[in-house]
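Asker: Here's a sequence, model it:
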Amino acid sequence: MTPLKMDGSHILSTGSAVPDICIDNDLLGTILETSDDWISTRTGIKERKILAQHQSIIDLATTASKQALDKGFLEAEDLDLIIFATSTSNDLFGSASQLQYSLGAVRAAAFDITAACSGFVIALMVAHQFIQNNVYKNILVVGADTLSQWVDWSDRTTCILFGDGAGAAILQQNKTNDLLSFEINTDGSEAKQLCINHKRNFNNTIGNDQLTNLPSNSHYQPLQMNGKEVYKFAVSKVPDSINKCLQKVDLNSDDITWLLLHQANQRILETVASKLKIPTEKVLSNIQFYGNTSAASIPIALDEAFSTGYICHKDTIAIAGFGAGLTWGSIMIKWHAFE
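Answerer: Predicted coordinates for the structure are as follows:
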């Protein structure tokens, strides 16, 4: 794969949103055989934000998107396309159209990408292709997930890890390109290591042998994860993916200003950084406050890094998402504040 052309896509602005309900480790310890020390030492997570009963994923995505629009001095009508990366859509057919309506983005086409924790990175890659092909000028890329609704809250191996949230970025056509190179990979043979399986039930009460195979009350099971295998996968594949991105544009790990990984586990962040020989002070991490927010984790951290002034003109940011599928993807960004 050749490097991306050096013109086209600029990250104009970002936004993020998380629910108000905060579940800290001590509170989880009142319903599970666990403790703050047990959770935080193994994951780095201290608390997570959980969607309220009256809220939906569209509420979070709308708030994050409006922030990005306001910061970019754009109106919703200026958007040409909305790409909504989520694996927890509130409609099995997708929720991008609901987000489009919520924003009032009447000119924008909209579609969903389902790639779990890699979703936002993949959505950025897709948006970049539309811009490079001169199809669209202003694209809203949203990563949002509400996995609190899909975990078994009696299973301490999974429920302690996940929180809800949404992050957004506006990619705009520009003479100066921010997106330098990318890598994307899939290993479907290991999909069982992290999944939300669909279970089919069949109606055997109709009394007609020809109709006994009609599905009835089919549903999705709670999230299942083999933590050890996911850890081994992440610390093996992600450094290699980032190195390939660097090689495509004749850079090395010393050129990286910030390393932004999917916020899955603090140990993963530290191990990947160590393998790349990147000092810990260059690793962006907010996992202690939000847990694993799946497709939302990278854009939330990106928005916080921009908002706090961590990311400056011509900084080089290595971004990598990884998770269910199993999928992983990396993208190299050199951000230009003006030009």
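Asker: From here on, just use CA atoms for contacts and neighbour counts.
Answerer: OK.
Asker: got any ranges where this protein has weak pLDDT?
Answerer: Along the chain, segments meeting pLDDT under 70 span 1-7, 202-216, 339.
Asker: swap the cut-off to 90 and go again
Answerer: Counting by pLDDT under 90, the chain has low-confidence residues at 1-8, 33, 156, 194-225, 227, 338-339.
Asker: quick one: which helix or strand includes Ile82?
Answerer: strand 81-85 (DSSP states H and E).
Asker: Which other helices and strands does that strand contact?
Answerer: helix 96-103, strand 109-113, helix 119-132, strand 138-146 (3 or more Cα pairs under 8 Å, 6 or more residues apart in numbering; DSSP states H and E).
Asker: switch to 10 Å and redo it
Answerer: Counting contacts by 3 or more Cα pairs under 10 Å, 6 or more residues apart in numbering; DSSP states H and E, strand 81-85 packs against helix 96-103, strand 109-113, helix 119-132, strand 138-146, strand 164-174.
Asker: Among those, show me which one is buried the most.
Answerer: Stretch with highest mean neighbour count among the helices and strands packed on strand 81-85: strand 138-146 (a mean of 30; mean count of other Cα atoms under 10 Å).
Asker: what helices or strands is that strand leaning on?
Answerer: So strand 138-146, by 3+ Cα pairs under 10 Å, 6+ apart, packs with strand 8-17, helix 57-71, strand 81-85, strand 109-113, helix 119-132, strand 164-174, helix 297-307.
Asker: same thing but at 7 Å, please
Answerer: helix 57-71, strand 81-85, helix 119-132, strand 164-174 (3 or more Cα pairs under 7 Å, 6 or more residues apart in numbering; DSSP states H and E).
Asker: can you redo these as JSON lines with distance to Gly321?
Answerer: Shown next, in JSON lines, are these (distance: least, Cα to Cα, whole Å):
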{"stretch": "helix 57-71", "distance to Gly321": "19"}
{"stretch": "strand 81-85", "distance to Gly321": "12"}
{"stretch": "helix 119-132", "distance to Gly321": "6"}
{"stretch": "strand 164-174", "distance to Gly321": "14"}
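Asker: of the helices and strands packed on strand 81-85, which approaches Leu251 most closely?
Answerer: Checking the helices and strands packed on strand 81-85 against Leu251 by Cα to Cα gives helix 119-132 as the closest, at 19.6 Å.
Asker: now what about that closest one, what contacts it?
Answerer: The contact list for helix 119-132 (Cα atoms under 7 Å, 6 or more residues apart in numbering) reads 8-9, 83, 85-86, 113, 136-137, 139, 141-143, 173, 295, 321, 329-330.
Asker: Relative to the whole chain's centre, how far out is it?
Answerer: In terms of Cα atoms, centre = their mean, to the nearest Å, the centre of helix 119-132 is set 13 Å apart from its chain centre.
Asker: these two touch, right, Thr114 and Ala85?
Answerer: Yes: counting by Cα atoms under 7 Å, Ala85 is a contact partner of Thr114 at 5.9 Å.
Asker: So for these two, which sits in the more crowded spot?
Answerer: Ala85 (35 against 20; other Cα atoms under 10 Å).
Asker: re earlier: from the middle of its chain, how far away would the strand holding Ile82 be?
Answerer: 12 Å.
Asker: Return the alpha-carbon coordinates of it using PDB.
Answerer: What follows is strand 81-85, C-alpha atoms only, in PDB (Å, rounded to 0.1, in the frame of the first residue of the first chain):
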ATOM      1  CA  LEU A  81     -21.400  13.000   5.100                       C
ATOM      2  CA  ILE A  82     -21.700  11.400   8.600                       C
ATOM      3  CA  ILE A  83     -19.900   8.200   9.400                       C
ATOM      4  CA  PHE A  84     -21.000   6.700  12.700                       C
ATOM      5  CA  ALA A  85     -18.700   4.100  14.100                       C
END
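Asker: Kindly calculate the angle that it makes with helix 96-103.
Answerer: Strand 81-85 and helix 96-103 are oriented at 120 degrees to each other (axes from the mean of the first three to the mean of the last three Cα atoms, to 10 degrees).
Asker: ok, back up a step: quick one: closest of the helices and strands packed on strand 81-85 to Gly44.
Answerer: Nearest of the helices and strands packed on strand 81-85 (Cα to Cα): strand 164-174, 16.7 Å.
Asker: so what strands line up beside the closest one?
Answerer: Strand partners for strand 164-174, identified by DSSP bridges, are recorded as strand 8-17 (antiparallel), strand 138-146 (antiparallel).
Asker: That's all I had, so thanks and see you.
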